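**Student:** 3D model of this:
(2 chains)
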Amino acid sequence: MDDDTIVCRCEEATVGEIKQAIREGAVDVTGVKRRTRAGMGLCQGRTCERIVMRILSQELGKPMSEFEPDTVRTPVQPVTFGLLAEGAHD
Amino acid sequence: MREVDLSIVGAGPAGLAAAIEGAKRGCSTVALDMNPRPGGQLIKQIHKFFGSREHHAGTRGIEIADTLLHEAESAGVEVLIGAEVYAIHDSILEVAQTFGGDSPPPLSGGATTSQSRPLSIEARQIVLATGGAENALNFPGWTLPGVMGAGAAQTMSNVWRVLPGERVLMVGAGNVGLIVSYQLLQAGAEIVAVIEAAPRIGGYGVHAAKIRRAGVPILTSHTVVRASGESRVEQAVIVKVDASWGTVPGSEEELDVDTICIAVGLRPNARLASLAGCKFDYSPSLGGWVPIHNTRMHTTVPGIYLAGDLSGIEEASTALEEGRLAGICAASSLSKGHVGDSEEIEAIEERLLSLRSGPFCQRLQDAKQKLIEIGEAQCPKE
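**Tutor:** The predicted structure follows:
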């Protein structure tokens, strides 16, 4: 896979950047995310998370079962601040 | 704050079945679905099911969805559409509900429009039936318009009646790849090829035979290496794969296509389950990380059940049965069970076993068994 192939399309993080993050010490999805922003866009890693796991698995020589998904946080769907504020009055 | 006995997240086959069983037992039941039309994947399934009569053999998926919805409404289920659950804490679901009549929601998700309203629902029991999500495949050019999940292409074609392209390369020869290829053919597209990295076709022989008869080549041991085009896909390059999954030099072939559909498997859509605090186990046969559950479809979190593809990628028939099981068990934990429920549960378990029997499903049955064994040790008992 070419290093300039995109992994996270929301944040435009590439294969090369993910590999670089792993060389710099990232050992899990969260580590890669903190260094490259992969998984921090609108879709919150919905598309790229598994690709990131596969690269981690290949680069670190460990099975896929070693790599857990990133921590899920509210909101799990894109919502506006307006909606959140309105909800707070209930 | 709305208060209900039972709230179901996802009104596909699993969710609707759970809602029906819950409501039939006297639970006040709300089923939430983020889409403008309930039924989950069933509303895209224009083909007839096969198998046994009790699993709707000979009926089209879309008709099964109508039947379920009708049953749900007569049982007293309140089905809310355009309802996205964006948070779950304790027994409360935070929902963004979009009101938009019959028009399709904006592609980025309905909740970003000003028509969305918040709704909080406190449910005594919750069944998560959030389904599966398509796996992506990245290769140079995969972000070009025209590269999409096979399920997305199926939604465009069968729900919105929009042909995603005219010349299609299908990547993956599992059931999804084969069925969507056939449906796109029926809708008027040309399927230039179906390619599969494995040396064998993964889906059923009947589905493969249908598209072969229509002249579509199915190339096993092939993968896509590149897509190119000015402002959208114009070409795809495919290549042979050897026994150790390496590409064979000199075997590259360029295809003129405007659409590349990716059908390389599904995984449980488990974000809400994760947010709710459910524990997971890794099971490749079930699609990857799957929430742990016991024989009663109860997760590791008290009051939270699950059913369908969320509990491991399978089919609509198993989703229906799991949904029934979850609905009955959730009702019985509220002391609303029916006399005869234990016989009903036994019958469902037998049907699930028969659905998962046969050489095609052995791995699946074993994986499910292992997950349930972990669940029996870790999930709360009623």
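
**Student:** Quick check: bridge partners of residue B:282?
**Tutor:** residue B:289 (DSSP bridges).

**Student:** tell me the contacts of it?
**Tutor:** A:64, A:65, B:288, B:289, B:290 (Cβ atoms under 8 Å, 6 or more residues apart in numbering or on different chains). (C-beta placed from N, C-alpha, C; glycine too.)

**Student:** Between those residues, which sits nearest residue B:361?
**Tutor:** For the contacts of residue B:282, the minimum distance to residue B:361 (Cβ to Cβ) is 16.2 Å, reached by residue B:290.

**Student:** returning to what we had before: quick one: which of the contacts of residue B:282 has the most company?
**Tutor:** residue B:290 (26 neighbours; other Cβ atoms under 10 Å in any protein chain shown).

**Student:** Quick check: that residue vs chain A, distance?
**Tutor:** Using Cβ to the nearest Cβ, to the nearest Å, residue B:290 is found at 11 Å from chain A.

**Student:** Same check on residue B:168?
**Tutor:** Plainly put, residue B:168 is 20 Å away from chain A if you go by Cβ to the nearest Cβ.

**Student:** Excluding residues flanking it in the chain, which one is nearest residue 3?
**Tutor:** I'll assume chain A. Leaving aside its sequence neighbours, residue A:3 sits nearest to residue A:16 (Cβ to Cβ, 6 or more residues apart in numbering or on different chains; 3.1 Å).

**Student:** switch to chain B, that's the one I care about
**Tutor:** Using Cβ to Cβ, 6+ apart, the nearest residue to residue B:3 is residue B:122, at 4.9 Å.

**Student:** confidence score at residue B:317?
**Tutor:** You'll see residue B:317 listed with a pLDDT of 93.

**Student:** Shouldn't it be within a helix?
**Tutor:** Yes. Using DSSP: H, G, I helix; E, B strand; the rest coil, the secondary structure at residue B:317 is a helix.

**Student:** Count the residues that sit near it.
**Tutor:** 21.

**Student:** re earlier: and the contacts of residue B:282, which two are furthest apart?
**Tutor:** Greatest spatial distance among the contacts of residue B:282 (Cβ to Cβ): A:64 and B:290, at 13.2 Å.

**Student:** Just to check, the residue nearest to residue A:3 is in contact with residue A:7?
**Tutor:** No. Contact between residue A:16 and residue A:7 fails when scored by Cβ atoms under 8 Å: they sit 9.4 Å apart.

**Student:** So which residues make contact with stretch B:236-253?
**Tutor:** The contact list for stretch B:236-253 (Cβ under 8 Å, 6+ apart) reads B:169, B:193, B:195, B:197, B:199, B:219, B:221-228, B:254-255, B:257, B:260.

**Student:** any idea what sits nearest the residue nearest the centre of chain A, other than its immediate chain neighbours?
**Tutor:** Centroid-nearest residue in chain A, with Cα atoms, centre = their mean: residue A:39, separated by 2.7 Å. For residue A:39, ignoring the flanking residues on the chain, the nearest one in space by Cβ to Cβ, 6+ apart is residue A:45 at 3.1 Å.

**Student:** That neighbour in helix, strand or coil?
**Tutor:** coil.

**Student:** separation between it and residue B:315?
**Tutor:** Distance, residue A:45 to residue B:315, using Cβ to Cβ, to the nearest Å: 27 Å.

**Student:** ok, the residue in chain A positioned nearest to chain B - contacts?
**Tutor:** Ranked by Cβ to the nearest Cβ, the top residue of chain A for proximity to chain B is residue A:87, at 3.4 Å. Going by Cβ under 8 Å, 6+ apart, residue A:87 touches B:94, B:118, B:120.

**Student:** and the residue of the stretch 1-150 of chain B found nearest chain A, bridged to which residues?
**Tutor:** Going by Cβ to the nearest Cβ, chain A is nearest to residue B:118 of the stretch 1-150 of chain B, at 3.4 Å. Counting by DSSP bridges, residue B:118 forms beta bridges with residue B:96.

**Student:** That one is in contact with residue B:95, isn't it?
**Tutor:** Yes. Counting by Cβ under 8 Å, residue B:118 does reach residue B:95; the two are 7.0 Å apart.

**Student:** Can you give me the neighbour number for residue B:52?
**Tutor:** 12.

**Student:** Excluding chain neighbours, give the residue nearest to it in space.
**Tutor:** Closest residue in space to residue B:52, ignoring its immediate chain neighbours: residue B:354 at 7.9 Å, by Cβ to Cβ, 6+ apart.

**Student:** quick one: what helix or strand has the one you found in it?
**Tutor:** Take DSSP states H and E as the rule and residue B:354 turns out to sit in helix B:341-355.

**Student:** repeat for residue B:322
**Tutor:** Short version, using DSSP H and E: residue B:322 is in helix B:316-333.

**Student:** So residue A:16 and residue A:7 - more neighbours on which side?
**Tutor:** Neighbour comparison, residue A:16 and residue A:7: the larger count goes to residue A:7, with 28 against 15 (by other Cβ under 10 Å).

**Student:** That one belongs to a helix, doesn't it?
**Tutor:** No. Read with three-state DSSP, residue A:7 is strand and lies in no helix.

**Student:** SS state for residue A:39?
**Tutor:** coil.

**Student:** is it true that it touches residue A:72?
**Tutor:** No. At 11.0 Å, residue A:39 and residue A:72 do not qualify as touching, with contact defined as Cβ under 8 Å.

**Student:** After the host helix or strand of residue B:255, heading C-terminal, what element do we hit next?
**Tutor:** Taking DSSP H and E as the definition, residue B:255 sits inside strand B:253-256. Reading on from strand B:253-256 to the C-terminus, the next helix or strand found by DSSP H and E is strand B:259-262.

**Student:** re earlier: from residue B:254, how far off is the residue nearest to residue A:3?
**Tutor:** Computed as Cβ to Cβ, the residue A:16 to residue B:254 distance reads 26 Å.

**Student:** related to what we said a few turns ago, give the rounded mean pLDDT of the strand holding residue B:255.
**Tutor:** 98.

**Student:** still on that earlier bit, check which helices and strands the host helix or strand of the residue nearest to residue B:3 sits against.
**Tutor:** Assigned by DSSP H and E, residue B:122 belongs to strand B:116-128. Here strand B:116-128 touches helix A:81-88, strand B:2-9, helix B:13-24, strand B:29-32, strand B:92-98, strand B:304-306, helix B:316-333, going by 3 or more Cβ pairs under 8 Å, 6 or more residues apart in numbering or on different chains; DSSP states H and E.

**Student:** Only the buried residues of it, if you could.
**Tutor:** For strand B:116-128, burial by neighbour count (16 or more other Cβ atoms under 10 Å in any protein chain shown) applies to B:116, B:118, B:119, B:121, B:123, B:124, B:125, B:126, B:127, B:128.

**Student:** Same question for stretch B:231-242.
**Tutor:** Residues B:233, B:234, B:235, B:236, B:237, B:238, B:239, B:240, B:241 are the ones in stretch B:231-242 that count as buried (16+ other Cβ under 10 Å).

**Student:** okay but the first one is in contact with residue B:143, surely?
**Tutor:** The one in question is residue B:233. No. Between residue B:233 and residue B:143 there is no contact under Cβ under 8 Å: 10.4 Å.
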